[in-house]
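A.B. asks: With the sequence up front, the predicted model follows.
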Amino acid sequence: MATTVARRPLVQVDALRHYYGAAARRGKPVIEDVNLTLYEGEIVGLLGRSGSGKSTLLRSIAGLITPDEGDVRFVSDPDRDTPDIAMVFQTFALFPWLTVLQNVELGLEARKVPAQERRDRALAAIDLIGLDGFENAYPKELSGGMRQRVGLARAIVVDPALLLLDEPFSALDVLTAETLRTDLLDLWFEGRMPIKSMLIVTHNIEEAVLMCDRILVFSSNPGRVAAEIRVDLPQPRDRLDPAFRAMVDDIYARMTARPSPVPVREGLFPGLGIAMVLPRVSTNSLAGLMEEVDASAFDGKASLADLADELQLEVDELLPMAETLQLLRFADLGGADLKLTPAARRYASADVDARKALFAQALLAHVPLAQHIRRILDERASHIAPARRFRDELEDHMSPEYADETLRTVILWGRYAEIFAYDEDSDQFSLEDPA
């Protein structure tokens, strides 16, 4: 069904912008100049990191939020003025005091569908998604996968033209997610759902390649469509197919590409100097990744796709770790591969004290905010400085949320490296731990 239906436009998104807080303040945009046309008979994936605006775009199309600029237009449908939209959320969003049947009926009840028709349609949807026999069960009696099936049934029972899915499988274990993903695709290709198009937000590159006809790769700060990729592989798709693996590697390469010779690229670490936004990546995670790539299985070099499979990490988890290693000069990212530097290989085989010394050297050499805090502490006779001072400086370059995350990250890294101490109660940096 999905690849044979005529390509008629269903939804048109033009020059969409959404800002943090009030648009009148013209602060940092969440998404900027996003254009998108959704066609009937296709599954489109929105792929990118947290904070890139994918869910904001999805909610703008759903009408849950109003964009500050731009337009979402529904192309005329022969059966209705505008297409109906249904949405499936990551967190199931079921009412625990209602049965499966009652949860599925909710949307129809809101539309004032007569009771008998409502019941008949809900029972048919429950049967379609494989929960026949659980009509009178409550959500607490169901597994996570079964609860998400209820969410799907509630979405399709209203006969939507467009189904929006916001990370619908990310809260599930790997096997349950794979089963539910396959069942949804089977229903789609067999034409057993009224849906004309699906738009799915995901952090999982393999999931996007498995499911989608088109993938829009979002960059961050602000969110923009950085690339549009057409997936022409025949369905059902095989993860082991060389063409499949090549496409996954290509997307990893696109998401880690440097747009300019500037060492710190736009995206995860936008800006220069202390204006870099630092992700909350733990030193334990960085150490674990270096140890994994240093091990004999990879011998210092690994493809990001293989690492994601081996460590069961999604792109939103793996890329911040890999790019932090690159920032610290512990790794080089070339295309879709991560290669450890000699310093990282020494780190992987070193004892605790030697690891701390290597990390401190990298931190002071390559993270300007860490350099700045240490320099201020060295210059002051008291060797003490309030964290508020640095927070205020960061907020000149980024939103308060990013400023707080960046400062907390440098505190975490600086403590581990023992280049400064931080006291939570007084919210102060110092050169010596008061304890």
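C.D. replies: Now that the structure is in, tell me what you want to look at.

A.B. asks: right, and residue 274 touches residue 373 too?
C.D. replies: No - taking CB atoms under 8 Å as the definition, residue 274 is not a contact partner of residue 373, at 9.2 Å. C-beta here means a position set from N, CA and C on the backbone, and glycine is covered the same way.

A.B. asks: just for the chain, where's the confidence low?
C.D. replies: Confidence mapping of the chain against pLDDT under 70 gives the ranges 1-6, 20-28, 76-83, 92, 257-272, 433-435.

A.B. asks: Pick out whichever of residue 274 and residue 373 has more residues nearby.
C.D. replies: residue 373 (24 against 21; other CB atoms under 10 Å).

A.B. asks: For the host helix or strand of the more buried one, list every residue counted as buried.
C.D. replies: Here residue 373 sits within helix 368-379, counting by DSSP states H and E. The neighbour-count check on helix 368-379 (16 or more other CB atoms under 10 Å) flags 368-371, 373-374, 376-377 as buried.

A.B. asks: Over to stretch 218-232?
C.D. replies: Quick answer for stretch 218-232 (16+ other CB under 10 Å): 218-226, 229, 231.

A.B. asks: ok, residues contacting it?
C.D. replies: Applying CB atoms under 8 Å, 6 or more residues apart in numbering, the contact partners of stretch 218-232 are 28-36, 46-49, 51-54, 56-57, 209, 212-217, 247, 250-251, 254, 266-268, 270, 277.

A.B. asks: Could you turn the buried ones of these into a ChimeraX selection?
C.D. replies: Buried residues within these, by 16+ other CB under 10 Å, are selected in ChimeraX with:
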select :28,29,30,31,32,34,36,46,47,48,49,51,52,53,54,56,57,209,212,213,214,215,216,217,247,250,251,254,266,267,268,270,277
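
A.B. asks: Just the ones of the contacts of stretch 218-232 in strands?
C.D. replies: 29-36, 46-47, 214-217 (DSSP state E).

A.B. asks: Tell me how the protein divides into domains.
C.D. replies: Using automatic domain parsing, the domain ranges for the chain come out as 9-254, 279-348.

A.B. asks: Output the longest helix along the chain as CSV - backbone C-alpha positions only.
C.D. replies: Ranked by residue count under DSSP state H, the longest helix found in the chain is helix 400-417. Output in CSV follows, covering the C-alpha atoms of helix 400-417 (Å, rounded to 0.1, in the frame of the first residue of the first chain):
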residue,chain,number,x,y,z
PRO,A,400,19.3,29.2,30.9
GLU,A,401,18.6,25.4,30.4
TYR,A,402,21.6,24.9,28.3
ALA,A,403,23.7,27.1,30.6
ASP,A,404,22.7,25.0,33.6
GLU,A,405,23.4,21.7,31.8
THR,A,406,26.8,23.0,30.6
LEU,A,407,27.9,24.2,34.0
ARG,A,408,26.8,20.9,35.6
THR,A,409,28.8,19.0,33.0
VAL,A,410,32.0,20.9,33.6
ILE,A,411,31.5,20.5,37.3
LEU,A,412,31.3,16.8,36.8
TRP,A,413,34.3,16.6,34.6
GLY,A,414,36.4,19.0,36.7
ARG,A,415,35.7,17.2,39.9
TYR,A,416,36.8,13.9,38.3
ALA,A,417,40.0,15.5,36.9
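
A.B. asks: Counting neighbours, which bits of it end up buried?
C.D. replies: Residues of helix 400-417 classed as buried by neighbour count (16+ other CB under 10 Å): 402-403, 405-407, 409-414, 416-417.

A.B. asks: cool, and stretch 284-292?
C.D. replies: 285-287, 289-290.

A.B. asks: Might you report the residue contacts of residue 129?
C.D. replies: Residue 129 neighbours (CB under 8 Å, 6+ apart): 149-150, 152-153, 156, 183, 187.

A.B. asks: try 6 Å
C.D. replies: Going by CB atoms under 6 Å, 6 or more residues apart in numbering, residue 129 touches 149, 152-153.
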